[in-house]
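# give me coordinates for this.
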Amino acid sequence: MEADCIVATEHERPGLRLIPVPSREAWGRRVYTLTEAGRSELHRWLVETDPARQIRNEALLRTFFAWVLTPAEACTYFEKLEAAARSTLAQYDAVARVLKEGTPEELAARVALESGKRQMSAVADWATSAAERYRAENIKLND
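So this is what the prediction gives:
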């Protein structure tokens, strides 16, 4: 089965070996299992290294330059951001409904999913607020 192993890219972690498992989860993702060497490398990576903290968020970068847009254009931009965040939330909810419970792997998946849900909820709320502010500014400019 060694020939079927997938070696993670250098960016993901060199030496982390994943073997495909002949099954698909309900939401269409492939399932992999770790080799012993891959599990050792994964453990080392988790306990001996710190995660990169720098995140590039293109939506936030565009927000910084929203002053170039008319208030109506900015409002539309934020409405699209909100819709995208709500769509992602719906996808996360669908995943949560089919996630099983009971193993350390499933607990980790649920904890990670909860982070994503909280982040997308915050983005949706923020985008709604931003759209409302630009909508109010557009009304003020058109009075």
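# which parts of the longest helix belonging to the chain are buried?
Longest helix in the chain by number of residues (criterion: DSSP state H): helix 104-142. By 16 or more other Cβ atoms under 10 Å, the buried positions in helix 104-142 come out as 109, 117, 120, 123-124, 126-128, 130-131, 134-135, 138. In short, each C-beta sits where N, CA and C put it, glycine included.
# of those, which is the nearest to residue 54?
In terms of Cβ to Cβ, no member of the buried residues of helix 104-142 lies closer to residue 54 than residue 123, at 18.4 Å.
# once you drop chain neighbours, what's closest to the closest one?
Nearest non-adjacent residue to residue 123, counting by Cβ to Cβ, 6 or more residues apart in numbering: residue 85, 4.3 Å away.
# what about that neighbour, how many residues nearby?
Neighbour count of residue 85, defined by other Cβ atoms under 10 Å: 21.
# now do the one 5 residues further on
Taking other Cβ under 10 Å as the criterion, the count of residues near residue 90 is 10.
# then residue 62?
14.
# doesn't residue 128 make contact with the residue nearest to residue 123?
No: using Cβ atoms under 8 Å, residue 85 is not in contact with residue 128, being 9.2 Å away.
# got the buried residues of helix 104-142 as a markdown table, with pLDDT and distance to residue 65 columns?
Output for these, formatted as a markdown table (pLDDT from 0 to 100; distance: Cβ to Cβ, whole Å):
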| residue | pLDDT | distance to residue 65 |
| --- | --- | --- |
| 109 | 89 | 36 |
| 117 | 96 | 28 |
| 120 | 96 | 23 |
| 123 | 96 | 18 |
| 124 | 97 | 21 |
| 126 | 97 | 17 |
| 127 | 97 | 16 |
| 128 | 97 | 20 |
| 130 | 96 | 13 |
| 131 | 95 | 17 |
| 134 | 92 | 14 |
| 135 | 90 | 19 |
| 138 | 76 | 18 |
